[in-house]
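>>> Sequence and predicted model, in that order:
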Amino acid sequence: MTNKIIAIQGNHPAKLNPSTDTSIFLAHEIQKKNYKIFYYDPKDLSIINFKIIAKGFFIKFDYRKKRFFEILKKQKLELIKCKYLLIRQDPPFNLEYICSTLILDKIKKRVKIINDPTSIRNVSEKLFSIKYQKFMPDTIFSQNIDEIRKFFKKHKKVIVKPINSYSGNNIFLLTKFDLKFFQKFIKKHNHIMCQKYLPKIKLGDKRVFLINGKVCGAISRIPKKGSFLSNLSKGAKPINIKLTNKEMKISKLISKDLKKNKIFFAGIDFIDEKLNGDINVTSPTGLKTFFDLSKINLASTFWKELKA
């Protein structure tokens, strides 16, 4: 009989915000069914004597309390003893991230891993959106200066971002081509994403939650005054909304595609009914915020879909 243990591979709980964090919300929900939570940092994942071992700790969460977690026992754990494993560390999706997925590949036939580690590698968050470019604003992915210069001749305002970042980090709104900026930016990030700026971002974007091939809900995030960033971590305000028919149609298409690619849980974003190119599969967020706004518990839906 499989132990009722769920492993979470993620950033240390002390770095998390219990009022908004999805990992904590998921853990808090499944604890109601008497599952134990084993938490570890991806840097503490090892292969020892052909066994996949993690050095971490058993932990209990309660997001309602000021001290929202309690470390119960520090230990090493062979991860095949877990029933489920959630990959929840933040990007960047770098070589360290890739190595952790390659290690976890070795046990995915014995442990249900969300999301599938092979699929996380294959569904590169921004580059995967190439498949859906007809639903997006004009966008290029490049590190070629001449191509980027041409793009700026077409558009007066351009959003520039790395393809492997997260939470609104290193995103810029530019009104003209700046050679020195791009030489420095490309040297740091290699391929980058340039996208036509959509003025209606001032009214907010929409984050859509996809679970097991189903469109389960959405919130809008309105940038703070003077900002074009809709990330909650950058001060955006969340509100409860419904998807338009067009957004729902696109969301259902992508959700089915992701399920075929063994992606169980994802988040996608719209601005002015256009997909913005971020298909979040590494560590999707927003379930706690959606619950606070709508009282709909998608953490419960998540575990029900897994039949936990």
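Yes, it's here.
>>> Residue 265 reaches residue 301, doesn't it?
No. With contacts counted by CB atoms under 8 Å, residue 265 stays clear of residue 301, the gap being 10.2 Å. Placement of C-beta: from N, CA and C, glycine included.
>>> Mind checking which of the two has more residues around it?
The neighbour comparison of residue 265 against residue 301 (other CB atoms under 10 Å) goes to residue 265, with 26 against 18.
>>> Can you check the pLDDT for residue 2?
Listed pLDDT for residue 2 reads 56.
>>> Overlap in contacts, residue 265 and residue 301.
Here residue 265 and residue 301 have residue 211 as joint contacts, going by CB atoms under 8 Å, 6 or more residues apart in numbering.
>>> Low-confidence ranges, this protein, go.
Low-confidence segments of the chain (pLDDT under 70): 1-2, 166-168.
>>> ok, now with 50
Applying pLDDT under 50 to the chain flags the ranges 1.
>>> In it, where's the longest helix?
With residue count as the measure and DSSP state H as the assignment, the chain has helix 245-260 as its longest helix.
>>> Residues in contact with it: which ones?
For helix 245-260, the surrounding residues in contact (CB under 8 Å, 6+ apart) are 123, 131-132, 135, 206, 208, 210, 212-215, 218, 243, 266, 268, 270, 273, 275, 279, 281.
>>> go again using 10 Å as the cut-off
Contact partners of helix 245-260, identified using CB atoms under 10 Å, 6 or more residues apart in numbering, comprise 115, 119, 123, 128-129, 131-132, 134-136, 206, 208-216, 218, 241-244, 263-266, 268, 270, 273-275, 279, 281.
>>> which ones among those are found in strands?
Members of the contacts of helix 245-260 lying in strands (criterion: DSSP state E): 206, 208-211, 214-216, 218, 265-266, 268, 270, 274-275, 279.
>>> Whichever of these end up buried, select them in ChimeraX.
To isolate the buried ones among the ones in strands among the contacts of helix 245-260 in ChimeraX, judged by 16 or more other CB atoms under 10 Å, type:
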select :206,208,209,210,211,215,216,218,265,266,268,270,274,275,279
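>>> And the ones in strands among the contacts of helix 245-260, which is closest to residue 227?
Ranked by distance to residue 227 (CB to CB), the ones in strands among the contacts of helix 245-260 are led by residue 206 at 17.0 Å.
>>> partner residues bridging the closest one?
Beta-bridge partners recorded for residue 206 (DSSP bridges): residue 220, residue 270.
>>> Spit out the contact partners of it.
Going by CB under 10 Å, 6+ apart, residue 206 touches 218-221, 230, 241-244, 247, 251, 268-273, 276.
>>> switch to 7 Å and redo it
By CB atoms under 7 Å, 6 or more residues apart in numbering, the contact list for residue 206 reads 218, 220, 241, 243, 247, 269-270.
>>> mind putting the residues you listed in JSON lines, distance to residue 165 included?
Formatted as JSON lines, the contacts of residue 206 follow (distance: CB to CB, whole Å):
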{"residue": "218", "distance to residue 165": "23"}
{"residue": "220", "distance to residue 165": "22"}
{"residue": "241", "distance to residue 165": "26"}
{"residue": "243", "distance to residue 165": "26"}
{"residue": "247", "distance to residue 165": "24"}
{"residue": "269", "distance to residue 165": "14"}
{"residue": "270", "distance to residue 165": "19"}
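>>> from the residues you listed, which is closest to residue 158?
The closest of the contacts of residue 206 to residue 158 turns out to be residue 269 (CB to CB; 17.7 Å).
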